[in-house]
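In: Pasting a predicted model and its sequence here:
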Amino acid sequence: MTGLFILIGCIVLLIIAITVLKVHPIPALLIAGLILGLASGNSVEVVTESLLSGFGNTLKWIGLVILFGTLLGEILAVTGGADVIADSVIKVFGTRRLPLAMAVIGFLVGIPVFVDVAYLTLLPTIIALSKKSGHSVLVLGLSLASSLTVAHALIPPTPGPLAVAAILETDIGGMIPVNITVGMFAVIGGLVFIKFNKNNLQISLPKEVLQKTQEKKSISGFKRVLPFVALLIPLILMGIGNLFSNDNPVIAFIKNPIWALLIGVVFALPLLERKNFSKKLNDYFQTSGAKSATVILITGTGGAFGQVIKDTEIVNSLLPDAGGLAAFGIILPFLLSFMFTTVTGSITVSLITTASVMAPIVTNGGLSPEFTAAAIGAGSLGVIHVNSSFFWLFKEVHEIDTSKLLKTFSLLTAVVAFSGGLMVLALYYFS
């Protein structure tokens, strides 16, 4: 338990440094990781290697994804493509139901596409909807982010739920209906929280978004289809790609988030005026690079801090003896998973770790594999906070104060997790 107290102390210091002392997240995360590693008994060399490994592993795929996602968003925002999408969403769902619309979109998109990629791809639409509807961008953003996370934690074919099914030796076909039901209830719980806390979720859009003069005249004719194509093509390609084997080189290409987003950018290029086309495209690259640089670095350092947590093996020290745990029933996998996500900042690590702990009980017939898998998935939604790279990505793209995000985003994820957990209990005891 000493490792747990060290970790909690480092997280508290990190929160104080960023929220009270106003230290920039990049040095704060690196120093917190260094202190955690050294306090756990590792050498400076080992901790440094752990930080660099986490930084590199996070950015080796998410760095270019953030850049191309920002570029696509910049083109759609400036040319008016995002406004076309926003108008259509408002027309279908109405202004009042936009948080529900974002939740539905997130739940569907989050099944085939990673949370970070999906959120960045849909970001220009969220901003355009906020400008047109009067809904706070935080209300719409949290509605989307929470449902994306639920789908990531509960619904195959995302890697985490697939790993849980394999470890627990349960049939995916029997697991999906339970997980979908639990996931829908978790999303509803999040929407209820957002509805009754709207006054605390008000933030202003960045000044550059409000002051930006759009170069577009008006998008007409076949070009009105292009914003939808540019937005949906990356999501569709990644989703289709996950249904097939990587042995096919074409599938391996189109499912990769980097190339899928770049293909989306290509479909958005006809929205630009032909006059000075190359110069304008280069300007968009320059602007997108400047905008995404800080987001990329903070996301990377968030991953570095998370890697130190993993490498110190604090999670392994928390693993209980599975022998006498069956008496705790279905509540146990939920609580373990909730704790692991809160401690490590990784939903996937939480899913795999908890499933490994629960596997002996499930295989011996002590618990239902389907309900155990659902409880693990619901609990893995945990509390997303400063040890999560997505927390920092969300903070930077919306320019939100860290303390406000802890009171909103982190609290929302806890509500979503417990909403899903309650549904697991209801299904388990009354089915």
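Out: Yes, it's here. Residues are numbered from 1 along each chain as shown.
In: buried residues in stretch 125-144?
Out: For stretch 125-144, the neighbour count (16 or more other Cβ atoms under 10 Å) marks 125-133, 135-144 as buried. In this view, the C-beta of every residue, glycine as well, is placed from N, C-alpha and C.
In: Buried residues, the one helix or strand residue 45 maps to. List them.
Out: Secondary structure from DSSP states H and E places residue 45 in helix 44-79. By neighbour count on 16+ other Cβ under 10 Å, the buried set for helix 44-79 is 46-48, 50-51, 53-55, 58-59, 62-79.
In: One more: stretch 168-180?
Out: For stretch 168-180, using 16+ other Cβ under 10 Å, the buried residues are 168, 170, 172, 175, 176, 178, 179, 180.
In: quick one on the thing from earlier: and the helix holding residue 45, how far from the chain's centre?
Out: Put simply, helix 44-79 sits 14 Å off its chain's centre (Cα atoms, centre = their mean, to the nearest Å).
In: Around residue 270, count how many other residues there are.
Out: Using other Cβ atoms under 10 Å, residue 270 is surrounded by 13 other residues.
In: Name the nearest residue to it, sequence neighbours excluded.
Out: residue 226 (5.8 Å; Cβ to Cβ, 6 or more residues apart in numbering).
In: Check the spacing between the one you found and residue 139 real quick.
Out: Going from residue 226 to residue 139 by Cβ to Cβ, to the nearest Å gives 28 Å.
In: Kindly report the same for residue 312.
Out: For residue 312 relative to residue 139 (Cβ to Cβ), the value is 37 Å.
In: so for stretch 370-389, what's the average pLDDT?
Out: Averaging pLDDT along stretch 370-389 gives 91.
In: picking that back up, what's the average pLDDT for the helix holding residue 45?
Out: On average, helix 44-79 scores 85.
In: again with stretch 339-359
Out: Per-residue scores along stretch 339-359 average to 81.
In: Could I get the buried residue list for that stretch?
Out: 339-355, 357-359.
In: For the stretch 51-200 of the chain, which segments count as helices?
Out: According to DSSP state H, counting those that start in this stretch, the stretch 51-200 of the chain carries its helices in the segments 81-93, 98-109, 115-133, 137-154, 159-168, 172-196.
In: buried set for the fifth one?
Out: By neighbour count on 16+ other Cβ under 10 Å, the buried set for helix 159-168 is 160, 161, 163, 164, 165, 167, 168.
In: how far out from the middle of the chain is it?
Out: Distance of helix 159-168 from the chain centroid (Cα atoms, centre = their mean) equals 19 Å.
In: Next: the longest one.
Out: Distance of helix 172-196 from the chain centroid (Cα atoms, centre = their mean) equals 16 Å.
In: End to end on stretch 125-145, go ahead and measure it.
Out: One end of stretch 125-145 sits 13 Å from the other (Cα to Cα, to the nearest Å).
In: tell me the contacts of the residue nearest the centre of the chain?
Out: Closest residue to the average C-alpha location of the chain: residue 115 at 3.7 Å, with Cα atoms, centre = their mean. Residues near residue 115 by Cβ atoms under 8 Å, 6 or more residues apart in numbering: 145, 148, 149, 152, 390.
In: in this protein, which helix or strand is least confident?
Out: In the chain, no helix or strand scores lower on mean pLDDT, DSSP states H and E than helix 207-211, which sits at a mean of 54.
In: Which positions in the very next helix or strand once past that one come out as buried?
Out: Per DSSP H and E, the first helix or strand lying C-terminal to helix 207-211 is helix 226-241. Of the residues in helix 226-241, those with enough neighbours to count as buried (16+ other Cβ under 10 Å) are 226-227, 230-239, 241.
In: Output those in a markdown table, with distance to residue 250 appended to each entry.
Out: Output for those, formatted as a markdown table (distance: Cβ to Cβ, whole Å):
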| residue | distance to residue 250 |
| --- | --- |
| 226 | 24 |
| 227 | 26 |
| 230 | 21 |
| 231 | 22 |
| 232 | 19 |
| 233 | 15 |
| 234 | 16 |
| 235 | 18 |
| 236 | 14 |
| 237 | 10 |
| 238 | 14 |
| 239 | 15 |
| 241 | 9 |
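In: just the residues you listed now: which is nearest residue 10?
Out: For the buried residues of helix 226-241, the closest approach to residue 10 (Cβ to Cβ) belongs to residue 238, at 34.9 Å.
In: shouldn't the closest one be in contact with residue 255?
Out: Yes: using Cβ atoms under 8 Å, residue 238 is in contact with residue 255, at 5.4 Å.
In: The stretch 301-431 of the chain: strands as residue ranges?
Out: For the stretch 301-431 of the chain, applying DSSP state E, counting those that start in this stretch gives no strands.
In: tell me the helices in it, going along the chain?
Out: Under DSSP H, counting those that start in this stretch, the stretch 301-431 of the chain gives helices at 314-318, 331-344, 347-363, 369-379, 389-398, 402-405, 411-430.
In: ranking those by burial, who's on top?
Out: Among those, helix 369-379 has the highest mean neighbour count (mean count of other Cβ atoms under 10 Å), at a mean of 29.
In: Quick one: list the elements packing against that one.
Out: For helix 369-379, the packing partners by 3 or more Cβ pairs under 8 Å, 6 or more residues apart in numbering; DSSP states H and E come out as helix 137-154, helix 159-168, helix 172-196, helix 331-344, helix 347-363, helix 411-430.
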